[in-house]
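# quick one: sequence and predicted model below, then my questions.
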Protein chains: 2
Amino acid sequence: MRHRAEKTQDAVLSVLRNQHGALSAYDLLGELRQSKPTISAPTVYRALAALCGAGKVHRLESLNAFVACKDDCHDEASILSICDDCGAVEESVAPHILAELSKVAGRSGFATSRHVVEIHGLCAACCDGGTRA
Amino acid sequence: MRHRAEKTQDAVLSVLRNQHGALSAYDLLGELRQSKPTISAPTVYRALAALCGAGKVHRLESLNAFVACKDDCHDEASILSICDDCGAVEESVAPHILAELSKVAGRSGFATSRHVVEIHGLCAACCDGGTRA
DNA sequence: TTGTGAAATGTTATTTTGTAACGGTAGAAC
DNA sequence: GTTCTACCGTTACAAAATAACATTTCACAA
């Protein structure tokens, strides 16, 4: 098989896509071991690094966890909204806001190469639940 | 002594303030051990949690590291610009951008409680150095 | 002052997260 | 098929964070 790693990456992506929220690398490892018991941490991390590089997976820095990218086709960094109640993660794309962030940082001569934007709070479903319950 | 922890917090803050860039909790632990050899990880983490809660220290989620807050007096979340070359961290305050982020997330009913905004790149000094060198 | 209880701190030990480094294996070229 | 190369997988370890428990401190009453 020419691209051995692609199978691992596909498996990782498949697990993440079937997931409501984010998974830590070790959660993922646990899932993957169900079908491939010998798989180990660095294999998973390498697959994740490749997928992140390809924009198919986002790393949640504030959770040390990973989600599948919903759109799969944007180069811009995403704004990731993380529900602290149910763990759901939403992606938003808003290049003009990122540009503005770069501009603010640039006031002191800073040259941006990467944005990390994560928003914590409650998703619509959990807000409603919280309000009504 | 009534507030034992305050001394630890003061020591932590003092180390962070004398630092050019961010420090990991364990870097900090190493520094602190020079004057108090028995200090251990949870002590440092608790001090950091208290200081973060008080807004005197920022946690860099994308680095697992900590910096002293420069301003010491703003309630808004900061925009943290991290130089990937020299490690310098700058803080910017731009409430309207954070509000806009909340608005974008809110389009799907998401209710924001906390912003994590970190920008990676090169600070002015390292840009110049890179260009000229 | 001294005993008692509540609250917060300090410590040990462990869990979780992430990676270095090496050995093995698949595929390419011939 | 053989050899060469590059990539992959594994073991073993390092770094980051925390759970759980022991200890200390302070407040208050007698």
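Done, it's in. Source: prediction; values computed, not measured.
# from here on, contacts and neighbour counts on C-alpha atoms
Noted.
# ok, the closest residue to A:Ser62 other than its chain neighbours - contacts?
Of all residues not flanking A:Ser62 in the chain, B:Glu61 sits nearest, at 5.2 Å (CA to CA, 6 or more residues apart in numbering or on different chains). Residues near B:Glu61 by CA atoms under 8 Å, 6 or more residues apart in numbering or on different chains: A:61-62, B:116.
# what sits against A:Cys123?
So A:Cys123 contacts A:82-83, A:88, B:108-111 (CA under 8 Å, 6+ apart).
# put the buried members of those into a PyMOL selection.
In PyMOL syntax, the buried subset of the contacts of A:Cys123 is picked out as below (16 or more other CA atoms under 10 Å in any protein chain shown):
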select buried, (chain A and resi 82+83+88) or (chain B and resi 109+110+111)
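# check whether the longest strand seen in chain A contacts DNA strand C.
In chain A, assigned by DSSP state E, the strand with the most residues is strand A:111-122. No: counting by CA under 7 Å from any atom of the strand, DNA strand C is not contacted by strand A:111-122; separation bottoms out at 14.4 Å.
# contact partners of that strand?
Contacts of strand A:111-122 (CA under 8 Å, 6+ apart): A:60-62, A:77-85, A:98, A:102, A:105-106, B:62, B:102, B:105, B:110-124, B:127.
# I'd like to know which of the residues you listed are buried.
In the contacts of strand A:111-122, the ones that pass as buried (16+ other CA under 10 Å) are A:60-62, A:77-83, A:98, A:102, A:105-106, B:62, B:102, B:105, B:110-112, B:114-124, B:127.
# can you lay out the contacts of B:Glu61 as a markdown table showing pLDDT?
A markdown table is the format used below for the contacts of B:Glu61 (pLDDT from 0 to 100):
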| residue | pLDDT |
| --- | --- |
| A:Glu61 | 97 |
| A:Ser62 | 96 |
| B:Val116 | 97 |
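# and which of those is nearest to DNA strand D?
Using CA to the nearest atom of the strand, A:Ser62 is the member of the contacts of B:Glu61 that lies nearest DNA strand D, at 8.9 Å.
# state the distance from that closest one to B:Cys83.
Distance, A:Ser62 to B:Cys83, using CA to CA, to the nearest Å: 19 Å.
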